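*Asks:* How does the following fold in three dimensions:
(one chain, ligands or ions: 1)
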Amino acid sequence: MDKIVIHGGNSLSGEVEVSGAKNAALPLLFATLLAPGKHRLCNVPALRDIETAAKLLGIVGADVQRDGDCFEITADDIRSDEAPYDLVRTMRASVLVLGPLLARVGHARVSLPGGCAIGARPINLHLKGLEALGATIDLDHGYVEARAEKLRGAHIAFDMPTVGGTENLMIAACLAEGTTVLDNAAREPEVIDLANALIGMGAKITGAGTDSIVIEGVDSLQPMDYRVMADRIEAGTYMVAAAMTRGDVLVKGVEASALETFLSKLREAGAVIEEKSDGIRVIGPETIRSVNIKTQPHPGFPTDMQAQFMALMALGDGTSVISETVFENRFMHVCELQRLGADIVIDGHVATVRGVNGLCGAPVMATDLRASASLVIAGLASENTTEVSRIYHLDRGYEKLEEKLQRLGAAIERQPA
Ligand code: UD1
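*Replies:* Okay, here's the model as predicted:
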């Protein structure tokens, strides 16, 4: 299996273009199942999770063609209603076929995702919401079987904000009879991106980006022609890398509004942040200040940036307290950062990071997508050589990672094991 080898110590400088957002592209791809005709979705990143989604669309009967970073998808006939275990276990977001299939053909059979590295991650809120829309849900041999003659609008209050749950329900409600209200909805920018695409297809949605989304069902929708938003997490990852290597990087194509809490923490840590017309420039500080963070649903600090920020805090000038409140087991990177010399103690969902003067390269192992990114960033700022193995996690979420970092001056390469 390939590994990534990093010779640390170079300051990153220059410009990096952010790709389309994986977490926006996935629900958008599945939403194409709502309507016959040819959909066109552009700025789709070339990632393993996108391949998995395309495979799943093919299994249910869609024709998927590529033209550069654009996908043309035609889903005139739904051949199968099943998302098999082999696909769902490699990508949890496959459960996002439930809503569109149920709305379009009235039935869906989707494998339960099971556990994953960062916690139990159940889909109970997706199912409860679909039941409220009138679906019958049965669990059979590890599969969710959902059926509904016709979905009916309902008032759904989520027990907690769930990004995937909000997306699944918003998609399903577009073709339901009557009005659906989603309260305590997720407010992530990717939810807004999905709503905008659905509105372009003829859906009637208001309130996306607030905690109350209203969807008035319509009888049918047209194909989408849409461009996926920029990946704010990829952008944030390059920003932390710039800060940690005391670099100077313009991260192009991303808007500050999608990253406000993160940017204010990066500023507190001493980085200079300049908003430009074409992106955000980050200049790393001489002294990294230790700051506390607590992950929360948007607009709070994103859990998907916690691991990368922890790497930065490993070189802070004091003590940083990092609380993870979204996922129960998202400190898998801690042991690996310790191998590089970081001083981190975990107590439940809180990690206390005492900054050290320097990190020293070592072989480390990627455990999940964002954990892997934190190890790469830490490797860039470490002395000597860091080898990151199990990098298939990185390929799920970072397009052309080594190439982009090389262009910023990093000594990083992929090597066959
Ligand atoms: C999405 C993102 C992921 C990000 C996460 C939180 C995608 C493809 N993935 O994941 O990168 O880390 O949002 O920002 O967009 N929960 C339940 N029951 C449910 C659903 C969720 O208890 O039915 C819990 C989860 O276990 C978790 C919390 O709610 O503790 C938030 O999860 P959720 O927002 O649903 O995350 P995902 O949509 O899976």
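*Asks:* How about residue 151: what's its closest non-neighbour residue?
*Replies:* residue 176 (3.8 Å; Cβ to Cβ, 6 or more residues apart in numbering). C-beta here means a position set from N, CA and C on the backbone, and glycine is covered the same way.
*Asks:* how close does that neighbour sit to residue 99?
*Replies:* 10 Å (Cβ to Cβ, to the nearest Å).
*Asks:* Over to residue 210?
*Replies:* Using Cβ to Cβ, residue 210 is found at 20 Å from residue 99.
*Asks:* can you check residue 298 too?
*Replies:* Counting by Cβ to Cβ - residue 298 and residue 99 are separated by 20 Å.
*Asks:* burial count for residue 189?
*Replies:* 21 (other Cβ atoms under 10 Å).
*Asks:* What pLDDT is listed against it?
*Replies:* On pLDDT, residue 189 comes in at 98.
*Asks:* who in the stretch 151-300 of the chain is up against the ligand?
*Replies:* 160, 162-165, 186, 190 (Cβ under 6 Å from any ligand atom).
*Asks:* Domain parsing of this structure, as residue ranges.
*Replies:* 2-18+230-416, 22-227 (automatic domain parsing).
*Asks:* Run the contact check for stretch 395-410 versus the ligand.
*Replies:* No: residues of stretch 395-410 are not located near the ligand by Cβ under 6 Å from any ligand atom, the shortest gap being 8.3 Å.
*Asks:* count of neighbours near residue 348?
*Replies:* By other Cβ under 10 Å, neighbour count at residue 348 equals 9.
*Asks:* what's the distance between it and residue 328?
*Replies:* 9 Å.
*Asks:* Over to residue 66?
*Replies:* Distance, residue 66 to residue 328, using Cβ to Cβ: 37 Å.
*Asks:* again, but for residue 208
*Replies:* 28 Å.
*Asks:* Among these two, which residue is more densely surrounded?
*Replies:* Using other Cβ under 10 Å as the criterion, residue 208 and residue 328 rank with residue 208 on top: 25 against 13.
*Asks:* is that one in a bridge, and if so with what?
*Replies:* Beta-bridge partners for residue 208, by DSSP bridges, are residue 210.
*Asks:* Is stretch 323-341 in proximity to the ligand?
*Replies:* Yes: part of stretch 323-341 sits near the ligand under the criterion Cβ under 6 Å from any ligand atom, namely 326-327.
*Asks:* Identify each buried residue in that stretch, please.
*Replies:* 324-327, 330-334, 336-337, 339-341 (16 or more other Cβ atoms under 10 Å).
*Asks:* and if you look at stretch 155-163?
*Replies:* Those would be 156, 158, 161-163, for stretch 155-163 by 16+ other Cβ under 10 Å.
*Asks:* Just those: which are in strands?
*Replies:* residue 156 (DSSP state E).
*Asks:* in which helix or strand would I find residue 336?
*Replies:* helix 333-339 (DSSP states H and E).
*Asks:* Using CSV, list the CA coordinates for the next helix or strand after that helix.
*Replies:* Using DSSP H and E, the helix or strand that directly follows helix 333-339 along the chain is strand 343-347. The C-alpha trace of strand 343-347 is given here as CSV (Å, rounded to 0.1, in the frame of the first residue of the first chain):
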residue,chain,number,x,y,z
ASP,A,343,2.5,16.3,24.4
ILE,A,344,-1.2,15.5,24.6
VAL,A,345,-3.4,14.0,27.3
ILE,A,346,-6.9,12.8,26.7
ASP,A,347,-9.7,12.7,29.3
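*Asks:* Strand 343-347: which residues count as buried?
*Replies:* residue 344.
*Asks:* Now do that strand: distance to the chain's middle.
*Replies:* Put simply, strand 343-347 sits 25 Å off its chain's centre (Cα atoms, centre = their mean, to the nearest Å).
*Asks:* That one packs against which elements?
*Replies:* If you count contacts as 3 or more Cβ pairs under 8 Å, 6 or more residues apart in numbering; DSSP states H and E, strand 343-347 packs onto helix 333-339, strand 350-354.
*Asks:* Now distance to residue 395 and mean pLDDT too, for those, in CSV please.
*Replies:* Output for these, formatted as CSV (distance: least, Cβ to Cβ, whole Å; pLDDT from 0 to 100):
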stretch, distance to residue 395, mean pLDDT
helix 333-339, 17, 96
strand 350-354, 26, 98
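*Asks:* Of residue 210 and residue 99, give the one with the bigger neighbour count.
*Replies:* Between residue 210 and residue 99, counted using other Cβ under 10 Å, residue 99 has the larger neighbour count: 33 against 12.
*Asks:* from what I can see, that one looks like it's in a strand, true?
*Replies:* No: assessed with DSSP: H, G, I helix; E, B strand; the rest coil, residue 99 is helix; it does not lie in a strand.
*Asks:* how close does residue 352 get to the ligand?
*Replies:* With distances taken as Cβ to the nearest ligand atom, to the nearest Å, residue 352 is found 22 Å from the ligand.
*Asks:* Bridged to that residue, which residues?
*Replies:* In beta-bridge terms (that is, DSSP bridges), residue 352 pairs with residue 321, residue 345.
*Asks:* so it touches residue 331, yeah?
*Replies:* No: with contact defined as Cβ atoms under 8 Å, residue 352 does not reach residue 331; the gap is 11.3 Å.
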